[in-house]
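Peer 1: here is the input, now give the coordinates:
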Amino acid sequence: MTAPSRGRWTLEHKVAMRRNIIDLTLIQAGTGLRISEARRAWRGLVRDIGDRVSFDVHESIAKGRHPRLAHVLDDRVAWRIREILLLHPEDADEVLIGQVKDRTKTWDLSKVTDQARELYDQVAEELEIPKLSMPGLLTHIWRPTMNMQLMAAGVPGVARAQQLGHTEQVAADYYTTAMPAELAAEARALITG
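Peer 2: You can find the predicted model right below:
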């Protein structure tokens, strides 16, 4: 990132915003949380028991007000969440990934979306993944990706629905056809090693 020549944001602020959106993206990719759930999740919702990190998705942040337990399914994401908790061991009621200027406040959705678009466009270009820069495929892309990865790994539909916080029918209708066959094959390869 380069220092802005003018404007209200410093380079440090821009770097902190990028770090926040990377952390939110990792949380989404590792859990399948919706962006509205990930950005509003507070520290006390993180369960770190043994070798498993999970989020108690409280009814106040869950879509449809249906609470659930969402496991972090990638050890690298679990490590990053633990690191975030250690870096800022404040009040358990603070949001996990808050605003840059005030970590105790929830990051505004429009700002999250703007930062996500910048990040995804950069990743799409640098890693030559054009799908990441497609309109409409922003932060929600992790939900069908996770559903397909879990499906490829043989996880039953009821468990996939629990992880993502919807019904098996919703998964069948919206989260299985969103991934082309070649991406589903890649997802299976990632899960099976």
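Peer 1: and the helix or strand hosting R39, what does it pack against?
Peer 2: According to DSSP states H and E, R39 maps onto helix 35-40. Contacts defined by 3 or more C-beta pairs under 8 Å, 6 or more residues apart in numbering; DSSP states H and E place helix 35-40 against helix 11-31, helix 109-126. Bear in mind the C-beta positions are built from the backbone N, C-alpha and C, glycine included.
Peer 1: so which of those helices gets nearest W42?
Peer 2: helix 11-31 (12.7 Å; C-beta to C-beta).
Peer 1: lowest-confidence helix or strand of the chain?
Peer 2: helix 181-192 (a mean of 53; mean pLDDT, DSSP states H and E).
Peer 1: can you tell me the closest non-neighbouring residue to the residue nearest the centre of the chain?
Peer 2: The structure's the chain has its C-alpha centroid closest to Q28; by C-alpha atoms, centre = their mean the separation is 1.3 Å. Closest residue in space to Q28, ignoring its immediate chain neighbours: W142 at 4.4 Å, by C-beta to C-beta, 6 or more residues apart in numbering.
Peer 1: kindly export the helix or strand containing that neighbour (C-alpha atoms) in CSV.
Peer 2: Taking DSSP H and E as the criterion, W142 maps to helix 142-152. Taking C-alpha atoms only, helix 142-152 is exported to CSV below (Å, rounded to 0.1, in the frame of the first residue of the first chain):
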residue,chain,number,x,y,z
TRP,A,142,-17.5,-18.4,1.1
ARG,A,143,-20.8,-19.9,2.0
PRO,A,144,-21.4,-22.0,-1.1
THR,A,145,-17.6,-22.7,-1.2
MET,A,146,-17.8,-24.1,2.3
ASN,A,147,-21.0,-26.0,1.6
MET,A,148,-19.4,-27.6,-1.4
GLN,A,149,-16.2,-28.4,0.4
LEU,A,150,-18.1,-30.1,3.3
MET,A,151,-20.3,-31.9,0.7
ALA,A,152,-17.2,-33.2,-1.1
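Peer 1: that older thread, contacts for the helix holding R39?
Peer 2: Helix 35-40 has contacts (C-beta atoms under 8 Å, 6 or more residues apart in numbering) with 24, 27-28, 31, 55, 57, 61-63, 95, 97, 106-107, 109, 112-113, 116, 139-140, 165.
Peer 1: hmm, try it at 6 Å
Peer 2: L24, I27, Q28, V57, I61, T106, W107, V112, T139 (C-beta atoms under 6 Å, 6 or more residues apart in numbering).
Peer 1: for the second one, grab the count of nearby residues.
Peer 2: When neighbours are defined as other C-beta atoms under 10 Å, I27 has 27 of them.
Peer 1: pLDDT score for the residue nearest to it when sequence neighbours are not counted?
Peer 2: Leaving aside its sequence neighbours, I27 sits nearest to A38 (C-beta to C-beta, 6+ apart; 4.8 Å). Note on A38: pLDDT of 96.
Peer 1: what is the burial count for A38?
Peer 2: Neighbours of A38 using other C-beta under 10 Å come to 28.
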